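what follows is a predicted structure for the sequence shown.
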Amino acid sequence: MPIKLVTTVAGLHAESARLLTSRQGVSQGLVPTMGALHEGHAALARTAVEQNDVVVASIFVNPLQFGDAVDLDRYPRTLDDDLALLEAEGVDLAFAPSVEEVYPDGEPLVRVTSGRLGEKWEGASRPGHFDGALTVVAKLLHYGVPAAGLAGAGSHGSGLPAYRAYFGQKDAQQLALVRRMVADLNFPVEIVGVATVRSAEGLALSSRNRFLSDEERDAALVLSRALRLLEERAAAREPLDLESAAALVESQPLVALDYFDVVDPATLEPLAENCRETPFRGEGLALIAAKVGPVRLIDNARLVS
Ligand code: PAF
């Protein structure tokens, strides 16, 4: 079925209600994006299509989560390609609102604050980023509520349609924060994390990778190599020896390492020192961020033993 583009919240509600009704749908999935879609987003869309009767993808470059206007202007806008990718994955509706539609009164006075969890790691070098991201995610999750446009919302099966929203595990801190917001503020939605998609060489896909030169792209592979080293050590129940993995990254002259640490997957607090120096047991999340040429890259890996 061809994808339908809607640009207003009213249009989104009307179209999603029409599709849920005509399909007697019992579930709706939302895939929030900022466009410039790649295979990583395709995996989010594919998972949502597998799990839901109706799927909406939003495309909105959210000014609130950009620190500076240059970065916001530079963010790639590729609507036609995005629509083609979403249609190929079977997404029903693309919701691409204007800034005025999302923020009709200008910047919102009341926002979601990400607290301690939003101030560290990515938050330390991008102040306000997660408050802006969570604020728009809260709005998008409200827009995507499947019952919003249904006249007789209770008439679908045993009650309201199930509602799920899809986020990439590559943005581990964003995913942890969205899960926390949904739990702390009782949003009626299930958050589904989808595995990171990588290039054949191992580079985590990102809309920003297009700004890397060939040489920088090769250099950036050291990030996933270092993560793989930790995964292997964790699986073998060896000490993680984070220092030697960090030294590998730092040996690459085109890569400026920002942070590389092993944290609790839910709280993102660093694991106790002894987990690093004694054989690894249990679960952890390795987080890495580095500047490669003009681009800041992040990646992570789940460590299990
Ligand atoms: O991950 C993103 O693309 C954005 O942060 C999101 C979740 C769409 C909010 O603008």
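That came in fine, so what should we check first? Please read these numbers as outputs of a predicted model, since none were measured by experiment. Numbers count the residues shown, from 1 in each chain.

shaky segments in the protein?
149, 151-158, 273-276 (pLDDT under 70).

which positions in it make contact with the ligand?
Within reach of the ligand by CB under 6 Å from any ligand atom, the chain has these residues: 32-34, 62, 65, 133, 136-137, 171, 174. All C-beta spots, glycine's among them, are computed from the backbone N, C-alpha and C.

just the buried residues of those residues.
When those are checked for burial by 16 or more other CB atoms under 10 Å, the buried set is 32-34, 62, 65, 133, 136-137, 171, 174.

before we move on, the earlier item: pipe the residues of the chain next to the ligand into JSON lines and attach secondary structure per row.
Putting these into JSON lines (DSSP: H, G, I helix; E, B strand; the rest coil) gives the following:
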{"residue": "Pro32", "secondary structure": "strand"}
{"residue": "Thr33", "secondary structure": "strand"}
{"residue": "Met34", "secondary structure": "coil"}
{"residue": "Asn62", "secondary structure": "coil"}
{"residue": "Gln65", "secondary structure": "helix"}
{"residue": "Ala133", "secondary structure": "helix"}
{"residue": "Val136", "secondary structure": "helix"}
{"residue": "Val137", "secondary structure": "helix"}
{"residue": "Asp171", "secondary structure": "coil"}
{"residue": "Gln174", "secondary structure": "helix"}
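
for this structure, which segments count as helices?
9-22, 39-51, 69-74, 79-89, 99-102, 115-119, 122-125, 129-143, 172-184, 214-235, 242-250, 274-277 (DSSP state H).

out of the residues of the chain next to the ligand, flag the one nearest to Arg296.
When the residues of the chain next to the ligand are compared for distance to Arg296 (CB to CB), Asp171 wins out at 12.5 Å.

let me see the contact set for that closest one.
Ile298 (CB atoms under 8 Å, 6 or more residues apart in numbering).

which of the helices of the chain sits most buried?
Among the helices of the chain, the stretch with the highest mean neighbour count (mean count of other CB atoms under 10 Å) is helix 129-143, at a mean of 22.

so what's the closest residue to Asn52 other than its chain neighbours bridging to?
On the basis of CB to CB, 6 or more residues apart in numbering, the spatially nearest residue to Asn52 that is not a chain neighbour turns out to be Gly29, at 3.6 Å. Gly29 has the following beta-bridge partners by DSSP bridges: Val55, Arg164.
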